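Colleague: Here's my sequence, what's the structure:
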Amino acid sequence: MRRIIHIDMDAFYASVEQRDRPELRGKPVAVGGRPEGRGVVAASSYEARAFGVRSAMSMARALRLCPRLAIVPPDFTKYRAVSADVFAIFRAVTPLVEPLSLDEAYLDVTENAWDEPLAVNVARRLKEQIHAATRLTASAGVAPNKFLAKIASGWKKPDGLTVVAPERVESFLRRLPVDALWGVGPVTAARLRSIQIERLVDVRHADPERLRRAVGSHAGWLIDLAHGIDNRPVEPSRPRKSVGTENTFSQDIADRARIVEELTAMAREDAEWLARKGLFAKTVTIKVRYGDFTTITRSDTRLPATSDAGSLARRAVALLDRTEAGARPVRLLGVSLHGLSDDPQPPAQKPGSPDGHLPFDDRGNGGPGSA
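Modeller: Residues are numbered from 1 along each chain as shown. Next comes the predicted model:
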């Protein structure tokens, strides 16, 4: 049986800033853009989270919730340097390290450089080494698979360590509400609750057809998770599966021609990246956030995959017809390309995303324990 650890740095960006700026310690901090520039919270300290401040929230709203909030502009050069130190610690223990972001990763420590048979001891030592090297804390989840380890790492944040031993898997599963799954956001959770699925284990007894109508072709994947089954390996080298560009405007825009121009430029920028990497995309997705912060996405998938800038831009613009952009003022626009491969006719993908997200994610940002 595999021994998997998921490690997630605690409030990473904000914690780095509090470490480096003593005047911020113990105070509510948000990393992100200024509210007068339509800034968004990239990360918040635990002191700020106590006021309801969360990542992806507008900074203006964050200030309304917490008037004494300290706003710090992001310094990604610094965060990447700290991340490199953390990942060097991981890779000194095992080559099987799968990054999910700058601040979290899966590790397969079934075999490890310390010859330590107990994954909990590996996790404890990793946490100690991270703190010694960076003066930051991390939370860890230890389990027989990635799904359980990910849930466990968010169980006792900050500075937590939760172990789901094989003999405890069933009791752990029975404690999980269905929206504890990273990827089951409010929309999917509401669909599942409408068919009396409140807890994850309720999936086991659900009518298969009703479940399929609620989550589509991913019903089988959800059934596996309800039984604690996740056979995905830790993959050290994960090919990039998407590229995207988005822009938050200083003033809402309602001019349709301007919206088309912005989307076209973003799609062409993404296509240029594909061309440089020798990749092709089969799915075009646009993101539209209206002036009232309602956010929607629309996607178009076609084969063969392509890197043609004109074709990708036309598909992005065509997706506007499935939105109210122009009729309603737009605050943010984005274009992303998915299903990337070096072959215009890639093999069909199995359900389940290689980055650890569930394939029916409607949350729109990170899951439990995100920075």
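
Colleague: for the stretch 51-200 of the chain, which spans come out with low pLDDT?
Modeller: Judged by pLDDT under 70, the stretch 51-200 of the chain has its weakly predicted residues at 182-183.

Colleague: Angles on the backbone of residue 287, please.
Modeller: Dihedral angles of residue 287 (phi, psi; degrees, to the nearest 10) stand at phi -120, psi 130.

Colleague: Use 693 as the first number from now on
Modeller: With 693 as the first residue, the last one maps to residue 979.

Colleague: Just the pLDDT at it, thanks.
Modeller: Here, the pLDDT recorded for residue 979 equals 95.

Colleague: Report the beta-bridge partners for it.
Modeller: Taking DSSP bridges, one obtains residue 989, residue 1026 as the residues bridged to residue 979.

Colleague: what do you get for residue 736?
Modeller: With DSSP bridges as the rule, residue 736 is bridged to residue 722.

Colleague: who's in contact with it?
Modeller: 703, 706, 720, 721, 722, 723, 745, 746, 747, 754 (CB atoms under 8 Å, 6 or more residues apart in numbering). Every C-beta, even on glycine, is put in place using the N, C-alpha and C of the backbone.

Colleague: at 10 Å what do you get?
Modeller: Contact criterion CB atoms under 10 Å, 6 or more residues apart in numbering gives 703, 705-706, 720-724, 742-747, 749, 754, 758, 761, 1063 as the residues in contact with residue 736.

Colleague: Which parts of the stretch 893-1042 of the chain are helices?
Modeller: 900-907, 911-918, 948-969, 1001-1011 (DSSP state H, counting those that start in this stretch).

Colleague: Sort out which of the contacts of residue 736 are in strands and list them.
Modeller: 721, 722, 723, 724 (DSSP state E).

Colleague: what would the helices of the stretch 893-1042 of the chain look like in CSV with distance to residue 807 and mean neighbour count?
Modeller: Below are these laid out as CSV (distance: least, CB to CB, whole Å; neighbours: other CB atoms under 10 Å):
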stretch, distance to residue 807, mean neighbour count
helix 900-907, 42, 15
helix 911-918, 32, 20
helix 948-969, 39, 17
helix 1001-1011, 50, 18
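
Colleague: now these in CSV, with distance to residue 765?
Modeller: Below are the helices of the stretch 893-1042 of the chain laid out as CSV (distance: least, CB to CB, whole Å):
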stretch, distance to residue 765
helix 900-907, 39
helix 911-918, 39
helix 948-969, 23
helix 1001-1011, 30
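
Colleague: between the ones you listed, which one is nearest to residue 730?
Modeller: Among the helices of the stretch 893-1042 of the chain, helix 948-969 comes nearest to residue 730, with 14.8 Å by CB to CB.

Colleague: tell me the angle the closest one makes with helix 1001-1011.
Modeller: Helix 948-969 runs at 140 degrees relative to helix 1001-1011, counting by axes from the mean of the first three to the mean of the last three CA atoms, to 10 degrees.

Colleague: Let's see helix 948-969 as PDB, backbone CA atoms only.
Modeller: Extracted in PDB, the C-alpha atoms of helix 948-969 (Å, rounded to 0.1, in the frame of the first residue of the first chain):
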ATOM      1  CA  ARG A 948     -19.300  45.100 -27.200                       C
ATOM      2  CA  ALA A 949     -16.600  46.100 -29.700                       C
ATOM      3  CA  ARG A 950     -14.100  46.700 -26.800                       C
ATOM      4  CA  ILE A 951     -15.000  43.400 -25.200                       C
ATOM      5  CA  VAL A 952     -14.400  41.600 -28.500                       C
ATOM      6  CA  GLU A 953     -11.100  43.300 -28.900                       C
ATOM      7  CA  GLU A 954     -10.000  42.400 -25.500                       C
ATOM      8  CA  LEU A 955     -10.900  38.700 -25.900                       C
ATOM      9  CA  THR A 956      -9.300  38.500 -29.300                       C
ATOM     10  CA  ALA A 957      -6.000  39.900 -27.900                       C
ATOM     11  CA  MET A 958      -6.100  37.400 -25.000                       C
ATOM     12  CA  ALA A 959      -6.800  34.400 -27.200                       C
ATOM     13  CA  ARG A 960      -3.900  35.400 -29.500                       C
ATOM     14  CA  GLU A 961      -1.600  35.800 -26.600                       C
ATOM     15  CA  ASP A 962      -2.400  32.300 -25.400                       C
ATOM     16  CA  ALA A 963      -2.000  31.000 -29.000                       C
ATOM     17  CA  GLU A 964       1.500  32.500 -29.200                       C
ATOM     18  CA  TRP A 965       2.400  30.600 -26.100                       C
ATOM     19  CA  LEU A 966       1.200  27.400 -27.600                       C
ATOM     20  CA  ALA A 967       3.200  28.000 -30.700                       C
ATOM     21  CA  ARG A 968       6.400  28.600 -28.700                       C
ATOM     22  CA  LYS A 969       5.900  25.300 -26.800                       C
END
